[in-house]
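Asker: A structural model of the following input is requested.
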Amino acid sequence: MERLAAGVNGLLRLRRAKAELRESEERFRQMAENINDVFWIFSLAEREMLYVSPAYDALWCAPRADLASMPEAWLESVHAEDRDRVEEHFNLLFKNRHYEEEYRVVLPDGDTRWVRDRAFPVKNNDDTVYRIARITSDISASKHAEKLLQDADTHKNEFLATLAHELRGPLGPIRNAVEMIQKSSPIENDENGYARNVISRQVDHMARLVDDLLDIARISQGKIALQQEPVDLNALIRAAVETSLPYIAKREHGFDVRYSDRPIFITGDAVRLSQAISNLLNNAAKYTPKGGNISLSLIPHADTRVEVIVEDNGIGIPKDRLDTIFNLFAQGDAAPDLAQDGLGIGLSLAKRLVELHGGNVSVESAGRGMGSRFILALPIVQPVEGTAAAPAQDTLEQQAAGGERTSIACSVLIVDDNADATETMAMLLNAYGHSTFTAHDAEAALVLAHRRLPDVILLDIGLPGTNGFELARLLRSDRKFAGVTLVAVTGYGSANDREKALAAGFDHHLVKPADIDQILAILAI
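Answerer: As a prediction, the model looks like this:
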């Protein structure tokens, strides 16, 4: 009797289990058949397709019944450029038990859909994998949105490059006009001298803003080129301090710099790293009330890492903003004596430049009114014996700063479609004893070049009709101009623009507004 009761109970439990299984499978079926994603089930041992949800018909625009006779029919609709990759990884699914791909499906009418395909193992009650589940989702909308964002980013970068070119154009004539005033009237009253210095400073400030905007765009695109070589960090800091000192002095801050008592070599781009350090100093000067204190310390750590610490007693950073202070266009509150200005680019640019060198920039602040401490960290390298540190200034700047401006007379052809730019540059170079003649397009420039055979041609790239690159190639193809120095003076200043200029036959590439000292240094070569 007991055995009979036990048997009956066992049968009842089995029936309940089967009923629960059927109920569970029914819930799964209803769920699978009411979602937009395609749900698949495969047996692990036989690699057999056991189930495909109705969403397949809508996503592939093909009847899932076709899969019964041809289980790989889905693969034939995969885009030809994606098919081999998808097939290879899918065949490894039953071995690796993991699969995740994004690919295109070509529909019968020729339209294309993007899908995300992923699979995972299914275990039984014994915790043994016996099936593979797969989910396929339509991601066409997100891919379309991603493409729109990429296009918008491309258009943004193109706009910034064009904007920079257009903004730099007027800065050249303004700078030339200031130099002419100084050249013609070196002794001037205090008011005239002050006005000239204001114009000069604001032109430099505008040029730096344009450069910062373009640098951010280039870094975002991965297009910034670094000229990496061994360099003494002490020299970089001296260059950065020289750049930032006028602003620090203007704000009447106390400033203390502590260099290392020995050379500390890093591998990096001297100009870019000096720019990053200068940005940190300018930030400290800007957000410290007038008459505050700023310090810069260079601290090596066991010949493996070095820190440049910029510390101030300024307005500080609230704790809730420490995590976002390096975000692009992020700005803190202005110092009490200073209106909000700038674009919020400096810190973001400094951090990104340092990260491109394998370092990082971090910040510490106890809160509002408690000052800030920025730590720039870089790896130290041991230079090869006999290797000299890279200079902190480029060659032309050193030549220009090395002595008096040249008095050797050159004949110079100036080509620019901006009449103010050509005329002011011509007047300025004439004042330094050079003979000049001007043209506003490539055709007129070519005629003048043949007629006058200049020593140097200052040539804008963005000319109407035949551009500066094409004109340079025309000139270089004629042996008559083999000895002529070609100088690109342009608003396009990326590394790619520089390479294109050199490839077209230019000897030098200067970015507007070109510094007269750089031009005179070239004329003296």
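Asker: so what's residue 38 closest to, chain neighbours aside?
Answerer: Once flanking residues are discounted, residue 38 sits nearest to residue 136: 4.1 Å by C-beta to C-beta, 6 or more residues apart in numbering. Where you see a C-beta, it was placed from the backbone N, CA and C, and this is true even at glycine.
Asker: element containing the one you found?
Answerer: Element membership for residue 136, per DSSP states H and E: strand 129-138.
Asker: Give me the sheet partners of that strand and which way each runs.
Answerer: strand 38-43 (antiparallel), strand 112-123 (antiparallel) (DSSP bridges).
Asker: packing partners for the very next helix or strand once past that strand?
Answerer: Sequence-wise, the next helix or strand downstream of strand 129-138 (DSSP H and E) is helix 140-184. Here helix 140-184 touches strand 112-123, helix 190-221, helix 419-431, helix 516-524, going by 3 or more C-beta pairs under 8 Å, 6 or more residues apart in numbering; DSSP states H and E.
Asker: so where is the stretch 201-350 of the chain shaky, pLDDT-wise?
Answerer: Along the stretch 201-350 of the chain, the parts satisfying pLDDT under 70 run over 205, 213, 216-218, 220-223, 225, 328-344.
Asker: picking up where we left off before, can you list the strands paired with strand 129-138 in TSV and add mean pLDDT and distance to residue 296?
Answerer: Output for the strands paired with strand 129-138, formatted as TSV (pLDDT from 0 to 100; distance: least, C-beta to C-beta, whole Å):
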stretch	mean pLDDT	distance to residue 296
strand 38-43	90	60
strand 112-123	92	50
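Asker: so which of the ones you listed is the most packed in?
Answerer: strand 38-43 (a mean of 19; mean count of other C-beta atoms under 10 Å).
Asker: ok, and what's touching it?
Answerer: Residues outside strand 38-43 that contact it (C-beta atoms under 8 Å, 6 or more residues apart in numbering) are 32, 48-53, 55-56, 59-60, 94, 119, 122, 130-137.
Asker: Are any of these buried, and if so which?
Answerer: 32, 49, 52-53, 55-56, 59-60, 94, 119, 132, 134-137 (16 or more other C-beta atoms under 10 Å).
Asker: returning to what we had before: residues touching the residue nearest to residue 38, list them.
Answerer: So residue 136 contacts 37, 38, 40, 56, 59, 115, 116, 117 (C-beta under 8 Å, 6+ apart).
Asker: helix or strand right after the helix or strand containing residue 57?
Answerer: Element membership for residue 57, per DSSP H and E: helix 55-60. Once the chain leaves helix 55-60, the next helix or strand it forms, by DSSP H and E, is helix 66-69.
Asker: List the buried residues in that next one.
Answerer: residue 67.
Asker: Residue numbering should commence at 542 henceforth.
Answerer: Happy to do that; since the first residue is 542 now, the last one works out to helix 607-610.
Asker: quick one: that helix to chain centroid distance?
Answerer: From the chain centre to the centre of helix 607-610 is a distance of 50 Å (C-alpha atoms, centre = their mean, to the nearest Å).
Asker: Need the residues that contact it.
Answerer: By C-beta under 8 Å, 6+ apart, helix 607-610 touches 590, 593, 597, 614, 615.
Asker: Can you dump the C-alpha atoms of that helix in PDB for me?
Answerer: Provided in PDB are the C-alpha atoms of helix 607-610 (Å, rounded to 0.1, in the frame of the first residue of the first chain):
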ATOM      1  CA  ASP A 607      12.500  29.000 -45.000                       C
ATOM      2  CA  LEU A 608      14.800  28.300 -42.100                       C
ATOM      3  CA  ALA A 609      13.300  24.900 -41.600                       C
ATOM      4  CA  SER A 610      14.700  23.600 -44.900                       C
END
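Asker: Can I get the next helix or strand after it in PDB, CA atoms only?
Answerer: Past helix 607-610, further along toward the C-terminus, the next helix or strand under DSSP H and E is helix 614-617. Listed next in PDB are the C-alpha coordinates belonging to helix 614-617 (Å, rounded to 0.1, in the frame of the first residue of the first chain):
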ATOM      1  CA  ALA A 614      19.100  31.300 -45.000                       C
ATOM      2  CA  TRP A 615      19.500  34.200 -42.600                       C
ATOM      3  CA  LEU A 616      23.200  34.400 -43.400                       C
ATOM      4  CA  GLU A 617      22.600  34.900 -47.200                       C
END
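Asker: Find the residue ranges of the stretch 542-691 of the chain scoring beneath the pLDDT cut-off.
Answerer: In the stretch 542-691 of the chain (pLDDT under 70), the answer is 542-575.
Asker: how does it look with 80?
Answerer: 542-576, 637-638, 665-667 (pLDDT under 80).
Asker: OK, contacts around the one residue sitting closest to the centre of the chain?
Answerer: Nearest residue to the geometric centre of the chain (C-alpha atoms, centre = their mean): residue 760, 1.2 Å. By C-beta under 8 Å, 6+ apart, residue 760 lies in contact with 890, 893, 894, 897.
Asker: Highest neighbour count among those?
Answerer: Among the contacts of residue 760, residue 894 has the most neighbours (other C-beta atoms under 10 Å), with 26 neighbours.
Asker: who touches the host helix or strand of residue 984?
Answerer: Secondary structure assigned from DSSP H and E places residue 984 in helix 983-993. The contact list for helix 983-993 (C-beta under 8 Å, 6+ apart) reads 952, 954, 956, 978, 980, 995, 998, 1000, 1004, 1006-1009, 1011-1012, 1015-1016, 1021-1022, 1025.
Asker: Now list the buried members of the residues you listed.
Answerer: 954, 956, 978, 980, 995, 998, 1000, 1004, 1009, 1012, 1015-1016, 1022, 1025.
Asker: Just give me how far stretch 808-821 sits from the chain centre.
Answerer: 15 Å.
Asker: Counting neighbours, show which residues of that stretch come out buried.
Answerer: Buried residues in stretch 808-821, counted by 16+ other C-beta under 10 Å: 808-821.
Asker: Quick one: residues contacting residue 710.
Answerer: Contacts of residue 710 (C-beta under 8 Å, 6+ apart): 959, 962, 1032, 1053.
Asker: one step back: tell me which of the helices and strands packed on helix 681-725 sits nearest to residue 856.
Answerer: Nearest of the helices and strands packed on helix 681-725 to residue 856, taken as C-beta to C-beta: helix 731-762 at 21.9 Å.
Asker: Ends of stretch 991-1002, what's the gap?
Answerer: One end of stretch 991-1002 to the other measures 20 Å (C-alpha to C-alpha, to the nearest Å).
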